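Enquirer: Mind folding the following:
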Amino acid sequence: MKILVSNFGRQYTAALLSVLERQGWLEGFYTSLAANKLPGILHRIFRKRAFAQIPAATITHFPVLFFFERLLRNLFPRISRLTGDLFDKNVARRIRASKAPIIITYENTNRATLKSAKKLGKTTILDLAQIHHEDVLRYGRWFLPPQRLRVEATAVNPRKAEALKYTDYVCTLSSFAADSMIKNGWPASRLFTVNLGIDPERFSPKTQYAKSGPLRLLFVGTIMHRKGLALLLRAVENLPPQTVTLQLIGPMGDAGDLLRKHAGYFNYLPFQHHEALVQHYQHADVFVFPSLLDSWAQTVLEAMACGTPAVVSENTGAKDAVQQGGGWVIPANDLQALQACLEKLLISRSEIEARGKKARQIALQYTWAHYQEQLTAALTEIRRRENILPQ
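Expert: Modelled structure (predicted):
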């Protein structure tokens, strides 16, 4: 079978494309920018947008839309919807010439594409990087400003709801995301869960666990309100002095105000190369990720692969791994629960070590090979159900 893929952004699409290419299933990929189709210096500047694992000839990109959106998005917040719609309409026209029976799309830039695909008799799949849009709005009340909530309710969610009308199957990243879809009316029979993976060879386990001293806490991720950092910083402030240290690592998002408000209770690094980041994972006693909304959270698996157990919220998709014994799962947006968990860990060094060693073994299950197996199985089952002949 042949498959088309359309994503204005990047997300984890490179992993999906790699699997499709290895299986011989990829007919074409539409995106806003693919650096491997750009000349010399532009290729180097935008190398993070390269899709080197697939032939450049397979890719159709729209760099004018990409640069237009990049230049104007800070001045005109609605520009992303405009460029996304233009991309969507372009893809919708182009797929008419394709004989591929399946198309995979991503949220926000896929309404016209999905509608066109259904008219053409194609099977449509949404590769969902988030949870159901109604739950995004519900949990968003914890961290989004009122104006952004209004935009989500009146502009974003109606578009997502319309796109779902033309969607046959949804792939989610976790049980958290899958449960969100089912709770909001999506049939479980048309839902598949495909976990993202890590490369275990890049994350070696620590060789020893601290028996005493301050509890070393680590957070790795974008510094934003959605990650539950307000809870984490308040919990650390409330613990007895000198009993914990907190290291924050990640690019600055919308939570600079939190760092200013809680200055003195953490150390912050905006970026670390891979080798240094692994050392931070190994050095930490506990990885803490109390997110208010994350359909997965790759850094949780990375920390676990280094033998560091994790504390995550119920709204973190990677809890699927943590709850197998690699750490602790607490209610979302619950300061008391987070603080109580950290207080317990101050006197539970033996349990930290036991769960850390277990965390490493659990993380080894979540590889890119496992991702490939899950994705291939899901697409093979969809092909069977839709009576699509192998090509």
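Enquirer: if you skip the residues just before and after it, what's nearest to S98?
Expert: Nearest residue to S98 in three dimensions, chain neighbours excluded: L4, at 5.8 Å (Cβ to Cβ, 6 or more residues apart in numbering). Using the backbone N, CA and C atoms, a C-beta is placed for each residue, glycine as well.
Enquirer: That neighbour contacts P101, correct?
Expert: No: applying Cβ atoms under 8 Å, one finds L4 not in contact with P101, separated by 9.4 Å.
Enquirer: you'd agree Y366 is up against V194?
Expert: No: using Cβ under 8 Å, Y366 makes no contact with V194, being 11.2 Å away.
Enquirer: Just to be sure, the residue nearest to S98 is in a helix?
Expert: No: under DSSP: H, G, I helix; E, B strand; the rest coil, L4 falls outside any helix and is assigned strand.
Enquirer: Show the model's pLDDT score for it.
Expert: Model confidence at L4, given as pLDDT, is 98.
Enquirer: Which element, helix or strand, includes S291?
Expert: Secondary structure assignment for S291, by DSSP states H and E: no helix or strand.
Enquirer: Near it, how many residues? Count them for me, please.
Expert: Other residues near S291 come to 29 when the count uses other Cβ atoms under 10 Å.
Enquirer: How about the contacts made by it?
Expert: Neighbour list for S291: 221, 226-228, 297, 312-313, 315-316, 332 [criterion: Cβ atoms under 8 Å, 6 or more residues apart in numbering].
Enquirer: now do A112
Expert: With Cβ under 8 Å, 6+ apart, A112 has these contacts: 85, 88-89, 91-92.
Enquirer: 10 Å instead?
Expert: 85-93, 163, 166 (Cβ atoms under 10 Å, 6 or more residues apart in numbering).
Enquirer: Tell me which two of these sit farthest apart.
Expert: Among the contacts of A112, the pair separated by the greatest distance (Cβ to Cβ) is L86 and Y166, at 18.8 Å.
Enquirer: same for the helix or strand I362 falls within, what does it pack against?
Expert: Take DSSP H and E as the rule and I362 turns out to sit in helix 349-363. If contacts are counted by 3 or more Cβ pairs under 10 Å, 6 or more residues apart in numbering; DSSP states H and E, helix 349-363 sits against strand 286-289, helix 298-305, strand 310-313, helix 319-321, strand 327-330, helix 335-345.
Enquirer: Pipe the ones you listed into TSV and attach mean neighbour count per row.
Expert: Formatted as TSV, the helices and strands packed on helix 349-363 follow (neighbours: other Cβ atoms under 10 Å):
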stretch	mean neighbour count
strand 286-289	27
helix 298-305	27
strand 310-313	27
helix 319-321	25
strand 327-330	23
helix 335-345	18
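Enquirer: Make JSON lines out of the ones you listed and add distance to G356 and mean pLDDT.
Expert: Output for the helices and strands packed on helix 349-363, formatted as JSON lines (distance: least, Cβ to Cβ, whole Å; pLDDT from 0 to 100):
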{"stretch": "strand 286-289", "distance to G356": "9", "mean pLDDT": "98"}
{"stretch": "helix 298-305", "distance to G356": "8", "mean pLDDT": "98"}
{"stretch": "strand 310-313", "distance to G356": "9", "mean pLDDT": "98"}
{"stretch": "helix 319-321", "distance to G356": "13", "mean pLDDT": "98"}
{"stretch": "strand 327-330", "distance to G356": "9", "mean pLDDT": "98"}
{"stretch": "helix 335-345", "distance to G356": "11", "mean pLDDT": "97"}
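Enquirer: E381: which of these is closest?
Expert: Ranking the helices and strands packed on helix 349-363 by proximity to E381 (Cβ to Cβ) places helix 319-321 first, at 20.3 Å.
Enquirer: Who are the packing partners of that closest one?
Expert: Helix 319-321 makes packing contacts with helix 175-183, helix 298-305, strand 310-313, strand 327-330, helix 349-363 when contacts are defined by 3+ Cβ pairs under 10 Å, 6+ apart.
Enquirer: got a list of contacts for it?
Expert: Here helix 319-321 has contacts from 173-176, 178, 193, 195, 289, 291, 294, 296-297, 300-301, 304, 310, 312-313, 326-330, 359, 362-363, 365-366, using Cβ under 10 Å, 6+ apart.
Enquirer: one step back: now render the helices and strands packed on helix 319-321 as a markdown table, adding distance to A129.
Expert: Formatted as a markdown table, the helices and strands packed on helix 319-321 follow (distance: least, Cβ to Cβ, whole Å):
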| stretch | distance to A129 |
| --- | --- |
| helix 175-183 | 9 |
| helix 298-305 | 12 |
| strand 310-313 | 18 |
| strand 327-330 | 22 |
| helix 349-363 | 21 |
